[in-house]
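*Asks:* Predicted model, plus sequence, below.
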Amino acid sequence: MRRRSLLIAVPAGLVTLAACGDDSGSSSDASDSASPQASATSAPPPKIVDGPLPAITEGTKFGEKPTVAKGSGEPSKDLAVKTVVAGGGKAVAENDFIAADYLGQIWQSAKVFDNSYDRKTPLIIQLAQGSIIDGWRYALTGKKTGSRVEFSVPPTWGYGEQGNEQAGIKGDDTLVFVVDVKDTFNARSSARGKKVPQDDAALPKVGTNTDGKAPSIEVPKADAPKKLVAEYVLEGDGAEVGAQDSVLVQYKGVLWDGGKEFDSTYARKQLTSFSLQQVVKGWAQGLTGKKVGSRVLIVIPPDLGYGDNPPEGSGIEKDSTLVFSVDILAKM
(Lines give C-alpha, C1' and ligand atoms only; values in the text may rest on other atoms or scores of the structure.)
Protein backbone atom coordinates (compact mmCIF):
# COMPACT_ATOMS: atom_id res chain seq x y z
CA MET A 1 0.00 0.00 0.00
CA ARG A 2 1.24 3.47 -0.86
CA ARG A 3 2.18 5.77 1.97
CA ARG A 4 -0.48 8.45 2.20
CA SER A 5 0.13 12.16 2.23
CA LEU A 6 0.01 14.08 5.48
CA LEU A 7 -1.24 17.33 4.00
CA ILE A 8 -4.99 17.32 4.32
CA ALA A 9 -6.78 18.93 7.22
CA VAL A 10 -10.00 17.07 8.06
CA PRO A 11 -11.95 16.40 11.26
CA ALA A 12 -10.08 14.45 13.94
CA GLY A 13 -6.81 14.72 11.99
CA LEU A 14 -7.70 11.92 9.58
CA VAL A 15 -5.58 11.73 6.43
CA THR A 16 -7.44 11.00 3.22
CA LEU A 17 -5.54 12.65 0.37
CA ALA A 18 -3.72 10.05 -1.74
CA ALA A 19 -0.02 10.56 -2.30
CA CYS A 20 -0.37 11.06 -6.03
CA GLY A 21 -2.87 11.32 -8.80
CA ASP A 22 -5.73 12.61 -6.70
CA ASP A 23 -8.27 13.98 -9.15
CA SER A 24 -9.93 16.17 -6.55
CA GLY A 25 -7.15 18.65 -7.26
CA SER A 26 -8.28 19.28 -10.81
CA SER A 27 -9.86 22.59 -11.70
CA SER A 28 -13.57 22.84 -10.99
CA ASP A 29 -14.29 24.17 -14.47
CA ALA A 30 -12.71 21.17 -16.09
CA SER A 31 -14.31 18.66 -13.77
CA ASP A 32 -17.76 20.10 -14.45
CA SER A 33 -17.30 19.67 -18.19
CA ALA A 34 -16.77 16.60 -20.33
CA SER A 35 -13.00 16.65 -19.94
CA PRO A 36 -11.19 13.34 -20.43
CA GLN A 37 -10.63 12.79 -16.73
CA ALA A 38 -13.12 10.00 -16.12
CA SER A 39 -11.93 6.78 -17.68
CA ALA A 40 -14.08 3.91 -18.75
CA THR A 41 -13.03 0.38 -17.88
CA SER A 42 -9.55 -0.36 -19.15
CA ALA A 43 -9.23 -2.19 -22.46
CA PRO A 44 -6.27 -3.90 -24.14
CA PRO A 45 -3.81 -1.51 -25.83
CA PRO A 46 -5.09 -0.26 -29.19
CA LYS A 47 -3.43 -0.48 -32.55
CA ILE A 48 -2.25 3.01 -33.47
CA VAL A 49 -2.83 4.10 -37.08
CA ASP A 50 -2.29 7.32 -39.05
CA GLY A 51 -5.90 8.04 -39.92
CA PRO A 52 -8.40 8.94 -41.11
CA LEU A 53 -8.64 12.22 -39.20
CA PRO A 54 -10.71 15.32 -40.05
CA ALA A 55 -8.97 18.51 -41.17
CA ILE A 56 -8.18 21.38 -38.83
CA THR A 57 -9.62 24.27 -40.81
CA GLU A 58 -8.89 27.24 -38.52
CA GLY A 59 -6.62 27.89 -35.57
CA THR A 60 -3.92 25.67 -37.04
CA LYS A 61 -1.01 26.94 -34.94
CA PHE A 62 0.08 25.55 -31.58
CA GLY A 63 -1.81 27.31 -28.81
CA GLU A 64 -4.65 28.56 -31.04
CA LYS A 65 -8.17 27.28 -30.52
CA PRO A 66 -8.72 24.93 -33.46
CA THR A 67 -11.78 24.48 -35.62
CA VAL A 68 -12.07 20.88 -36.78
CA ALA A 69 -14.13 19.63 -39.72
CA LYS A 70 -16.76 16.95 -39.42
CA GLY A 71 -15.43 13.42 -39.82
CA SER A 72 -15.72 12.02 -43.35
CA GLY A 73 -16.94 8.47 -43.73
CA GLU A 74 -16.49 5.88 -41.06
CA PRO A 75 -13.87 6.49 -38.35
CA SER A 76 -11.14 3.99 -37.66
CA LYS A 77 -11.88 1.24 -35.17
CA ASP A 78 -8.27 1.70 -34.03
CA LEU A 79 -6.67 4.74 -32.39
CA ALA A 80 -5.81 7.19 -35.18
CA VAL A 81 -3.03 9.57 -34.13
CA LYS A 82 -1.28 12.38 -36.01
CA THR A 83 1.34 14.85 -34.80
CA VAL A 84 0.18 18.07 -36.47
CA VAL A 85 2.93 20.24 -34.98
CA ALA A 86 6.11 18.53 -33.77
CA GLY A 87 7.48 20.06 -30.59
CA GLY A 88 11.09 19.95 -29.48
CA GLY A 89 10.63 19.72 -25.73
CA LYS A 90 10.58 16.93 -23.17
CA ALA A 91 9.04 13.60 -24.11
CA VAL A 92 5.89 12.64 -22.25
CA ALA A 93 5.97 9.30 -20.42
CA GLU A 94 3.02 7.31 -19.15
CA ASN A 95 2.13 8.33 -15.58
CA ASP A 96 3.50 11.83 -16.14
CA PHE A 97 1.31 14.81 -15.36
CA ILE A 98 0.79 16.97 -18.43
CA ALA A 99 -0.36 20.53 -18.93
CA ALA A 100 -2.36 20.72 -22.14
CA ASP A 101 -4.94 22.76 -23.99
CA TYR A 102 -7.44 20.67 -25.89
CA LEU A 103 -10.65 20.56 -27.87
CA GLY A 104 -12.89 17.52 -28.12
CA GLN A 105 -15.73 16.89 -30.54
CA ILE A 106 -17.84 14.04 -31.89
CA TRP A 107 -16.73 12.51 -35.20
CA GLN A 108 -20.16 12.13 -36.74
CA SER A 109 -21.55 15.58 -35.95
CA ALA A 110 -18.50 17.78 -35.26
CA LYS A 111 -20.28 18.84 -32.07
CA VAL A 112 -17.69 20.29 -29.68
CA PHE A 113 -18.36 18.84 -26.24
CA ASP A 114 -15.43 20.43 -24.40
CA ASN A 115 -12.42 22.69 -24.82
CA SER A 116 -9.95 24.34 -22.48
CA TYR A 117 -9.14 27.27 -24.78
CA ASP A 118 -12.28 29.16 -23.80
CA ARG A 119 -11.52 28.61 -20.10
CA LYS A 120 -8.02 30.01 -20.70
CA THR A 121 -6.72 27.40 -18.28
CA PRO A 122 -4.81 24.33 -19.47
CA LEU A 123 -5.87 20.97 -18.17
CA ILE A 124 -3.32 19.42 -15.81
CA ILE A 125 -3.88 15.71 -15.42
CA GLN A 126 -1.94 12.50 -14.99
CA LEU A 127 -1.60 10.13 -17.93
CA ALA A 128 -2.35 7.19 -15.70
CA GLN A 129 -4.87 4.40 -15.94
CA GLY A 130 -7.99 5.40 -14.06
CA SER A 131 -7.16 9.12 -14.19
CA ILE A 132 -7.91 9.76 -17.85
CA ILE A 133 -9.52 7.97 -20.77
CA ASP A 134 -7.22 5.39 -22.28
CA GLY A 135 -7.18 7.06 -25.68
CA TRP A 136 -5.28 10.00 -24.22
CA ARG A 137 -2.74 7.76 -22.49
CA TYR A 138 -1.90 5.88 -25.66
CA ALA A 139 -2.03 8.84 -28.05
CA LEU A 140 0.15 11.22 -26.04
CA THR A 141 2.77 8.96 -24.48
CA GLY A 142 6.05 9.63 -26.28
CA LYS A 143 5.00 12.99 -27.71
CA LYS A 144 7.16 16.02 -26.93
CA THR A 145 6.11 19.24 -25.26
CA GLY A 146 5.36 21.90 -27.82
CA SER A 147 3.52 19.37 -29.98
CA ARG A 148 -0.02 19.54 -31.30
CA VAL A 149 -1.54 16.09 -31.59
CA GLU A 150 -4.83 15.17 -33.25
CA PHE A 151 -6.38 11.79 -32.57
CA SER A 152 -9.67 9.92 -32.79
CA VAL A 153 -10.84 7.71 -29.94
CA PRO A 154 -13.33 4.87 -30.51
CA PRO A 155 -15.64 4.06 -27.57
CA THR A 156 -13.40 1.17 -26.49
CA TRP A 157 -10.68 3.61 -25.40
CA GLY A 158 -13.04 6.47 -24.58
CA TYR A 159 -16.18 6.45 -22.47
CA GLY A 160 -17.21 2.91 -23.40
CA GLU A 161 -20.71 1.70 -24.18
CA GLN A 162 -22.22 3.98 -21.54
CA GLY A 163 -20.95 7.16 -23.23
CA ASN A 164 -21.16 10.43 -21.34
CA GLU A 165 -24.72 11.67 -21.04
CA GLN A 166 -23.73 15.04 -19.61
CA ALA A 167 -21.68 15.80 -22.71
CA GLY A 168 -24.12 14.30 -25.18
CA ILE A 169 -21.71 11.49 -26.04
CA LYS A 170 -23.42 8.23 -26.98
CA GLY A 171 -21.96 4.79 -26.44
CA ASP A 172 -21.13 4.37 -30.14
CA ASP A 173 -19.58 7.82 -30.69
CA THR A 174 -15.98 8.17 -31.83
CA LEU A 175 -14.34 11.25 -30.36
CA VAL A 176 -11.85 13.59 -32.01
CA PHE A 177 -9.34 15.52 -29.93
CA VAL A 178 -6.79 18.20 -30.75
CA VAL A 179 -4.29 18.54 -27.89
CA ASP A 180 -1.51 21.11 -27.45
CA VAL A 181 1.02 19.57 -25.05
CA LYS A 182 2.43 22.52 -23.10
CA ASP A 183 4.44 20.83 -20.35
CA THR A 184 5.06 17.54 -18.60
CA PHE A 185 5.92 16.77 -14.98
CA ASN A 186 7.14 13.68 -13.19
CA ALA A 187 9.05 12.57 -10.10
CA ARG A 188 12.24 14.18 -11.48
CA SER A 189 10.64 17.62 -11.85
CA SER A 190 11.87 20.60 -9.83
CA ALA A 191 11.18 24.27 -9.42
CA ARG A 192 13.59 26.31 -11.53
CA GLY A 193 13.25 29.81 -10.18
CA LYS A 194 15.88 32.38 -9.29
CA LYS A 195 17.82 31.77 -6.07
CA VAL A 196 16.76 34.00 -3.20
CA PRO A 197 19.25 34.72 -0.37
CA GLN A 198 18.54 32.79 2.83
CA ASP A 199 20.06 35.23 5.30
CA ASP A 200 18.00 34.65 8.42
CA ALA A 201 20.05 32.40 10.72
CA ALA A 202 16.96 31.69 12.80
CA LEU A 203 15.22 29.93 9.88
CA PRO A 204 15.92 26.57 8.20
CA LYS A 205 18.14 26.54 5.12
CA VAL A 206 16.80 24.69 2.09
CA GLY A 207 18.87 23.27 -0.76
CA THR A 208 18.63 24.92 -4.16
CA ASN A 209 19.30 21.90 -6.37
CA THR A 210 17.06 21.55 -9.42
CA ASP A 211 17.90 17.99 -10.43
CA GLY A 212 14.70 16.44 -9.14
CA LYS A 213 16.34 15.10 -6.00
CA ALA A 214 15.05 16.05 -2.56
CA PRO A 215 16.55 19.31 -1.32
CA SER A 216 18.32 19.34 2.02
CA ILE A 217 16.61 21.06 4.96
CA GLU A 218 18.90 22.24 7.76
CA VAL A 219 16.95 23.24 10.87
CA PRO A 220 18.79 25.63 13.20
CA LYS A 221 19.32 24.85 16.86
CA ALA A 222 16.98 27.57 17.95
CA ASP A 223 13.43 28.05 19.15
CA ALA A 224 10.79 27.56 16.46
CA PRO A 225 9.00 30.68 15.26
CA LYS A 226 5.56 31.23 16.75
CA LYS A 227 4.09 32.56 13.51
CA LEU A 228 3.86 31.12 10.01
CA VAL A 229 6.94 31.53 7.81
CA ALA A 230 6.62 31.31 4.01
CA GLU A 231 9.72 32.43 2.12
CA TYR A 232 11.02 31.91 -1.40
CA VAL A 233 14.06 29.69 -1.81
CA LEU A 234 13.77 29.76 -5.60
CA GLU A 235 11.43 32.43 -6.98
CA GLY A 236 9.64 31.42 -10.17
CA ASP A 237 8.06 33.68 -12.75
CA GLY A 238 4.72 31.91 -13.18
CA ALA A 239 1.23 32.90 -12.14
CA GLU A 240 0.47 33.52 -8.49
CA VAL A 241 -1.39 30.82 -6.61
CA GLY A 242 -4.80 31.88 -5.34
CA ALA A 243 -6.48 30.74 -2.14
CA GLN A 244 -9.04 28.73 -4.14
CA ASP A 245 -6.52 27.12 -6.50
CA SER A 246 -5.25 23.60 -6.78
CA VAL A 247 -1.56 22.92 -7.28
CA LEU A 248 0.82 20.21 -8.45
CA VAL A 249 3.86 19.97 -6.18
CA GLN A 250 6.97 18.22 -5.00
CA TYR A 251 7.55 18.55 -1.27
CA LYS A 252 9.51 17.33 1.72
CA GLY A 253 8.50 17.74 5.35
CA VAL A 254 10.66 17.51 8.48
CA LEU A 255 10.10 18.21 12.16
CA TRP A 256 11.61 21.35 13.65
CA ASP A 257 12.68 19.35 16.69
CA GLY A 258 15.39 17.00 15.45
CA GLY A 259 14.89 17.55 11.72
CA LYS A 260 13.41 14.08 11.13
CA GLU A 261 11.69 13.63 7.76
CA PHE A 262 8.07 12.53 8.08
CA ASP A 263 6.70 12.91 4.55
CA SER A 264 8.09 13.38 1.04
CA THR A 265 7.01 13.05 -2.57
CA TYR A 266 10.65 12.45 -3.42
CA ALA A 267 10.73 9.33 -1.26
CA ARG A 268 7.53 8.05 -2.89
CA LYS A 269 8.81 9.05 -6.36
CA GLN A 270 5.35 10.48 -7.05
CA LEU A 271 4.09 14.03 -7.39
CA THR A 272 0.92 15.08 -5.61
CA SER A 273 -1.90 17.49 -6.43
CA PHE A 274 -4.43 19.06 -4.12
CA SER A 275 -6.68 22.04 -3.53
CA LEU A 276 -5.55 24.67 -1.05
CA GLN A 277 -9.01 24.28 0.44
CA GLN A 278 -8.10 20.73 1.48
CA VAL A 279 -4.82 21.20 3.29
CA VAL A 280 -3.73 22.37 6.73
CA LYS A 281 -4.02 26.13 7.22
CA GLY A 282 -0.26 26.66 7.21
CA TRP A 283 0.03 25.18 3.72
CA ALA A 284 -2.93 27.13 2.37
CA GLN A 285 -1.72 30.44 3.80
CA GLY A 286 1.91 29.77 2.96
CA LEU A 287 1.35 28.99 -0.72
CA THR A 288 -1.29 31.63 -1.43
CA GLY A 289 0.31 34.43 -3.41
CA LYS A 290 3.43 32.44 -4.29
CA LYS A 291 4.42 32.02 -7.95
CA VAL A 292 4.36 28.85 -10.00
CA GLY A 293 7.90 27.61 -10.63
CA SER A 294 9.01 28.50 -7.09
CA ARG A 295 10.49 26.56 -4.19
CA VAL A 296 9.06 27.79 -0.91
CA LEU A 297 10.18 27.25 2.68
CA ILE A 298 7.13 26.93 4.94
CA VAL A 299 7.45 26.74 8.72
CA ILE A 300 4.10 25.86 10.27
CA PRO A 301 3.43 26.43 13.97
CA PRO A 302 1.16 23.90 15.72
CA ASP A 303 -1.97 26.08 15.60
CA LEU A 304 -1.78 26.17 11.77
CA GLY A 305 -0.73 22.52 11.47
CA TYR A 306 -1.94 19.50 13.40
CA GLY A 307 -1.90 20.99 16.90
CA ASP A 308 -2.61 18.39 19.56
CA ASN A 309 -4.14 15.89 17.12
CA PRO A 310 -1.52 14.78 14.55
CA PRO A 311 -2.30 11.96 12.09
CA GLU A 312 -1.93 8.54 13.63
CA GLY A 313 1.27 6.80 12.57
CA SER A 314 2.74 9.95 11.04
CA GLY A 315 5.65 10.27 13.46
CA ILE A 316 4.46 13.78 14.30
CA GLU A 317 4.17 14.50 18.00
CA LYS A 318 1.52 16.76 19.49
CA ASP A 319 2.17 20.49 19.14
CA SER A 320 4.97 19.97 16.61
CA THR A 321 6.31 22.74 14.40
CA LEU A 322 6.58 21.47 10.82
CA VAL A 323 9.11 22.52 8.19
CA PHE A 324 8.42 22.03 4.48
CA SER A 325 10.21 22.63 1.23
CA VAL A 326 7.56 22.91 -1.51
CA ASP A 327 8.16 23.12 -5.25
CA ILE A 328 5.12 24.61 -7.00
CA LEU A 329 5.20 22.93 -10.40
CA ALA A 330 1.82 24.01 -11.75
CA LYS A 331 -1.46 25.66 -10.89
CA MET A 332 -4.51 23.62 -11.78
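*Replies:* In hand now; what should we look at?

*Asks:* Helix, strand or coil: sort out the nearest residue to residue 70 once chain neighbours are set aside for me.
*Replies:* For residue 70, ignoring the flanking residues on the chain, the nearest one in space by CB to CB, 6 or more residues apart in numbering is residue 110 at 3.8 Å. All C-beta spots, glycine's among them, are computed from the backbone N, C-alpha and C. For residue 110, the assignment made with DSSP: H, G, I helix; E, B strand; the rest coil gives coil.

*Asks:* Would you agree residue 110 is in contact with residue 66?
*Replies:* No - contact criterion CB atoms under 8 Å: residue 110 and residue 66 do not qualify, at 11.8 Å.

*Asks:* who has more neighbours, those two?
*Replies:* residue 66 (24 against 14; other CB atoms under 10 Å).

*Asks:* So that one sits against residue 85, correct?
*Replies:* No - assessed by CB under 8 Å, residue 66 is found out of contact with residue 85, at 10.8 Å.

*Asks:* next one: the helix or strand harbouring residue 125 to chain centre, how far?
*Replies:* Residue 125 is part of strand 123-126 when elements are defined by DSSP states H and E. Computed by CA atoms, centre = their mean, to the nearest Å, the chain-centroid distance of strand 123-126 equals 5 Å.

*Asks:* which helices and strands sit right next to it?
*Replies:* Identification of packing neighbours for strand 123-126 by 3 or more CB pairs under 8 Å, 6 or more residues apart in numbering; DSSP states H and E yields strand 97-106.

*Asks:* Neighbouring strands - and their directions - for the helix or strand following the strand it packs on?
*Replies:* For strand 97-106, the following helix or strand on the C-terminal side (DSSP H and E) is strand 112-115. Under the criterion DSSP bridges, strand 112-115 sits next to strand 97-106 (antiparallel) in its sheet.

*Asks:* For stretch 156-174, buried residues please.
*Replies:* For stretch 156-174, the neighbour count (16 or more other CB atoms under 10 Å) marks 156-160, 163-164, 167, 169, 173-174 as buried.

*Asks:* can you list the residues that contact that stretch?
*Replies:* 33-34, 38, 40-41, 43, 46, 71, 75-76, 79, 106-108, 111, 113-114, 133-135, 138, 152-155, 175 (CB atoms under 8 Å, 6 or more residues apart in numbering).

*Asks:* could you give me the average pLDDT of it?
*Replies:* Averaged across stretch 156-174, pLDDT comes to 94.

*Asks:* what distance separates it from the centre of its chain?
*Replies:* That offset, for stretch 156-174, works out to 25 Å (CA atoms, centre = their mean).

*Asks:* ends of that stretch, how far apart?
*Replies:* Its first and final residues considered, stretch 156-174 spans 9 Å by CA to CA, to the nearest Å.

*Asks:* How about stretch 305-313?
*Replies:* For stretch 305-313, the end-to-end distance is 16 Å (CA to CA).

*Asks:* just stretch 78-90 next, same as before
*Replies:* First residue to last in stretch 78-90 (CA to CA) measures 27 Å.

*Asks:* got a list of contacts for that stretch?
*Replies:* By CB under 8 Å, 6+ apart, the surrounding residues in contact with stretch 78-90 are 46-53, 56, 60-62, 135, 138-139, 143-154, 157, 178, 181, 183-184.

*Asks:* Now do the buried residues in it.
*Replies:* Neighbour-count burial for stretch 78-90 flags 79-84, 87, 90 (criterion: 16+ other CB under 10 Å).

*Asks:* Over to stretch 181-196?
*Replies:* For stretch 181-196, by 16+ other CB under 10 Å, it's 181-186, 189-191, 193, 196.

*Asks:* likewise stretch 62-80?
*Replies:* Quick answer for stretch 62-80 (16+ other CB under 10 Å): 62, 66-68, 71, 75-76, 79-80.

*Asks:* Out of those, flag the one nearest to residue 99.
*Replies:* Among the buried residues of stretch 62-80, residue 62 lies closest to residue 99 (CB to CB), at 13.3 Å.

*Asks:* from the middle of its chain, how far away would stretch 102-121 be?
*Replies:* 21 Å.

*Asks:* returning to what we had before: which pair in the buried residues of stretch 78-90 has the greatest spatial separation?
*Replies:* Top of the distance list for the buried residues of stretch 78-90 (CB to CB): 80 and 90, 24.5 Å.

*Asks:* Which PyMOL command selects the buried ones in the contacts of stretch 78-90?
*Replies:* Those of the contacts of stretch 78-90 that count as buried under 16+ other CB under 10 Å are selected in PyMOL with:
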select buried, resi 46+53+56+62+135+138+139+143+144+145+146+147+148+149+150+151+152+153+154+157+178+181+183+184
